[in-house]
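Enquirer: Quick one, structure for this:
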Amino acid sequence: MKTKPDNTIVAFLLAFQDLKTALGEQHKQNLKEVAKQLETQPKAWEVHIKERLLDIIAANSELSQSYQFYQSQLENIEEIPHNLLPTEAEISKLVSRDKAPITRGFKPKDEATGYESQLNNVVVIVGSSEKPEETVKKATFLGKWKQLLSQSNQSN
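Expert: Down below sits the predicted model:
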């Protein structure tokens, strides 16, 4: 039996990519904290980190509205096709060129699925970057998500 994935991160990344205005400095700092916690304590997602991310989303009306839109669309997705997950190459493109690439996210001994691990890596990289709004726009795999969501909405 497959468990339905937590779509909070995907909805956040999709909404963040659509954001037209930059996040305020405090929100960027909060996002860096979320990224740092996700990198160092990924198992605290349900208990602590998810709530902090939702607070960042709620504090920005444009981001919140877009997040709600994507979250409602993602509810119709039962299983995540593997071709929608970011590849190592796509993730490495997000790392700014002035820093050496660092493998982030779950350690292999953790019980994360590929879905959680890969998306966590993206949030860690985006959230840790100096310009997260620009970094998330480089996440090409999100275009595949948007395409899937538009197709599933047309079939409903």
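Enquirer: how many other residues sit next to I49?
Expert: When counting by other Cβ atoms under 10 Å, one arrives at 23 neighbours for I49. C-beta coordinates here come from the backbone N, C-alpha and C atoms, glycine included.
Enquirer: Next: P42.
Expert: Residues lying near P42 (other Cβ under 10 Å) number 19.
Enquirer: How much space separates it from H48?
Expert: Distance, P42 to H48, using Cβ to Cβ, to the nearest Å: 11 Å.
Enquirer: same deal with Q68?
Expert: Q68 is 22 Å from H48, where distance means Cβ to Cβ.
Enquirer: and what of Q26?
Expert: Q26 is 19 Å from H48, by Cβ to Cβ.
Enquirer: Low-confidence ranges, this structure, go.
Expert: Under the criterion pLDDT under 70, the flagged ranges of the chain are 1-5, 96-115, 154-156.
Enquirer: Quick one: the helices in the chain, in order.
Expert: Assigned helices in the chain, in chain order: 8-18, 25-40, 50-58, 61-74, 88-94, 114-128, 132-137, 141-155 (criterion: DSSP state H).
Enquirer: who wins for proximity to I80 among these?
Expert: Closest of the helices of the chain to I80 is helix 114-128, at 5.6 Å (criterion: Cβ to Cβ).
Enquirer: what packs against that closest one?
Expert: Packing contacts for helix 114-128, counted by 3 or more Cβ pairs under 8 Å, 6 or more residues apart in numbering; DSSP states H and E, involve helix 8-18, helix 25-40, helix 88-94, helix 132-137.
Enquirer: Out of the ones you listed, the one nearest N120 is which?
Expert: The nearest among these, by Cβ to Cβ, is helix 25-40 at 5.3 Å.
Enquirer: what's the closest non-adjacent residue to N83?
Expert: Distances taken as Cβ to Cβ, 6 or more residues apart in numbering place K144 nearest to N83, at 6.9 Å, with adjacent residues excluded.
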